[in-house]
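Colleague: Got a predicted structure here, sequence first:
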There are 2 protein chains.
Amino acid sequence: MADKGTSQQPLTLRLKSVEELPPYVSQEGPLQVRNQHVFSMVEDVLYHIALGNKSHDLKDMFHDVKFVCFGGSPGRMRKFAEYMVEALKHKLPAGQGLVDIAGGSDRYVLYKVGPVLSVSHGMGIPSLSIIFHEVYKLLYHAQCTDVTFFRIGTSGGLGLEPGSVVITEEAVDGLLRPYMEVIVMGQIKEHPSYLSKELAKELQALASDKDGYQTIIGKTMCTNDFYEGQARLDGAFCDHSEADKMKFLQRMHKEGIRNIEMESLCFAAYSYRAGIKSAVVCVTLLDRLKGDQISTPHDVMEDWQMRPQRLVAKYIRQKLGMD
Amino acid sequence: MADKGTSQQPLTLRLKSVEELPPYVSQEGPLQVRNQHVFSMVEDVLYHIALGNKSHDLKDMFHDVKFVCFGGSPGRMRKFAEYMVEALKHKLPAGQGLVDIAGGSDRYVLYKVGPVLSVSHGMGIPSLSIIFHEVYKLLYHAQCTDVTFFRIGTSGGLGLEPGSVVITEEAVDGLLRPYMEVIVMGQIKEHPSYLSKELAKELQALASDKDGYQTIIGKTMCTNDFYEGQARLDGAFCDHSEADKMKFLQRMHKEGIRNIEMESLCFAAYSYRAGIKSAVVCVTLLDRLKGDQISTPHDVMEDWQMRPQRLVAKYIRQKLGMD
């Protein structure tokens, strides 16, 4: 693969192992971006969220942020912000309501409730990647300290009762590789997708037997395609059989994979690279060992989607000394 | 790379060349999906657009569709639908307006104006991939015939006056490879990203010297990351210098790349695989040989974003015998 490009000169150089990557450390003091060019930029336009360090006083707006919660759907992330208003007993002055701070763009939504940002990331790694870059730069311009990131999402489960919650122990790609490939100027760079094991355990400790559903720690597979990429039989394209699918999914289950989604690999890799403690908490909408289609009634699904939100809200309340 | 996985058994098998892929042919008669499992499904829930072949009479709703136009932003695709109402002199009965047919989901928007569907695809290949699968199945259930697909989008230009329009001759990835990799059950499958050269020429022929901007045919690079992936210096992460960036971009320009975006590779590969004639038409928002940041005033950008829309509308009017 290294020199298979169509151009005359080979363009690819794969870094041999994750050990060759620069070491990443936890951030201490105000959060720093990993790009010295940003330090000297006169203006930084955060294009996809319609904010900027000249057009807005980002420090005034965001300096108190301690928790950033990402999720795919804009509607769900608005609901999470509304839920946090209750959970944090956050007082909104009479006549005021939550507004989407990224309202000048229709690419993502961004809500703020005290120290909590609620951000949509759309679907898939590239979409998450863009908002990660821009939120991270936002926090840098705002001189934030001690920030923790969460992805609260949905996923397909493996061998779990639908509605179960999975806290990701390790994110891997469709080939079980625990790193994210980023192609940069003809080189494939591999970024390890480490997540904080400590944070995962702290979150699991907040789950209760009385919840009425399981909350487990397990491996998460992250794919770039929802249909073929997750071995589904119900896409517009499919060259495999039911037997192939079951064999693959059972094998993944044996490897410790407990759920499959489309963003955890980048979320883990970029958080680690940024030195930001992070966790991925997803509810499973179906058991992929039993089917492909998501046809659970809307109201049941709505309730399930609250489960990762409630867990993360509990964690935030605890850290703020409210519980 | 072939057996570098962390599992004990090697999981990867790379198809040796595009010649080994099954041949794809143009669709004749009602559009068929490339998945025999779909033929025997009792119900098909198109989850991310909240439609289904049992819950909705898809044939009644969509049978007359001939042109599907995809674009990233939901707001822009609503504007395109509104523009098509004018362009096709489409009469909406008194008291009726356009509604988002996918309104039951907040993942994508879907508008219909006579034979034209206007669909948002979000950002990046995985997001486009999901909506492509589901729209393609929608057209199959609706028994549509002779459908043409367009992506009307935005991009960064190379060596072009900002506001220029690029019709994609060939879509390549960040390593200049003219195919899309899809990881399916441990195998990396390579799908060639061919586009209709004939359609590209037909579109360019509709551009005019009087437009006040260039409309050219050129190669498009499709990346999975907006910042590092496109050699930008203004992301949250960056390990390269301005000189590295310029060297890379100038080399890409020499290779015939005229713009860079994040969806064309999948759009081309899936359209080809489906046997659907397709074109990618993008406006360039900046010249990447001169900078990274997008800081053009909002109203100028709005006008530029209409340029691909106007070209595709012209094509559709011509095909419908209106010009």
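Modeller: Received, thanks. Numbering: from 1, shown residues only, chains lettered A, B, ... in the order given.
Colleague: Report the buried residues of the helix ranked longest in chain A.
Modeller: For chain A, the longest helix by residue count, based on DSSP state H, is helix A:298-319. By 16 or more other CB atoms under 10 Å in any protein chain shown, the buried positions in helix A:298-319 come out as A:301, A:304-317. Quick note: C-beta positions are derived from backbone N, CA and C, even for glycine.
Colleague: Mind picking the one among the residues you listed that's closest to chain B?
Modeller: For the buried residues of helix A:298-319, the minimum distance to chain B (CB to the nearest CB) is 10.1 Å, reached by A:Met301.
Colleague: And the pLDDT at that closest one?
Modeller: Predicted confidence (pLDDT) at A:Met301: the value is 92.
Colleague: Surely it touches A:Leu286?
Modeller: No: using CB atoms under 8 Å, A:Met301 is not in contact with A:Leu286; the gap is 10.0 Å.
Colleague: tell me, what's touching those two both at once?
Modeller: A:Ile294 (CB atoms under 8 Å, 6 or more residues apart in numbering or on different chains).
Colleague: what ranges do the helices span in the stretch 101-250 of chain A?
Modeller: In the stretch 101-250 of chain A, the helices defined using DSSP state H, counting those that start in this stretch lie at A:125-141, A:197-205, A:242-254.
Colleague: right, so these: which one is the most enclosed?
Modeller: Greatest average neighbour count among these goes to helix A:125-141 (a mean of 27), per mean count of other CB atoms under 10 Å in any protein chain shown.
Colleague: sorry, back to before: and the helices of the stretch 101-250 of chain A: which comes nearest B:Lys219?
Modeller: When these are compared by CB to CB, helix A:125-141 sits nearest B:Lys219, at 19.8 Å.
Colleague: Which neighbouring elements make contact with the closest one?
Modeller: Where contact means 3 or more CB pairs under 8 Å, 6 or more residues apart in numbering or on different chains; DSSP states H and E, helix A:125-141 is packed against strand A:45-46, helix A:58-62, strand A:67-71, strand A:116-120, helix A:264-274, helix B:125-141.
Colleague: want to throw the ones you listed into a markdown table with mean pLDDT?
Modeller: Listed next are the helices and strands packed on helix A:125-141 as a markdown table, based on pLDDT from 0 to 100:
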| stretch | mean pLDDT |
| --- | --- |
| strand A:45-46 | 94 |
| helix A:58-62 | 98 |
| strand A:67-71 | 98 |
| strand A:116-120 | 98 |
| helix A:264-274 | 95 |
| helix B:125-141 | 98 |
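Colleague: Of all those, which one is nearest A:Gly97?
Modeller: strand A:116-120 (14.2 Å).
Colleague: is chain B contacted by the closest one?
Modeller: No: residues of strand A:116-120 are not located near chain B by CB under 8 Å from any CB of the partner chain, the shortest gap being 9.0 Å.
Colleague: Mind listing residues that contact that strand?
Modeller: A:62, A:65-74, A:76-78, A:80-81, A:84, A:88, A:108-112, A:131, A:135, A:316.
Colleague: which intervals of the stretch 1-150 of chain A have sub-threshold pLDDT?
Modeller: Scanning the stretch 1-150 of chain A for pLDDT under 70 picks out the ranges A:1-27.
Colleague: The longest helix of chain A versus strand A:67-71: what angle between them?
Modeller: Interaxial angle, helix A:298-319 versus strand A:67-71 (axes from the mean of the first three to the mean of the last three CA atoms, to 10 degrees): 160 degrees.
Colleague: Any figure for the gap between A:Ala78 and A:Glu86?
Modeller: Rather than Ala, residue A:78 is Arg. 14 Å (CB to CB, to the nearest Å).
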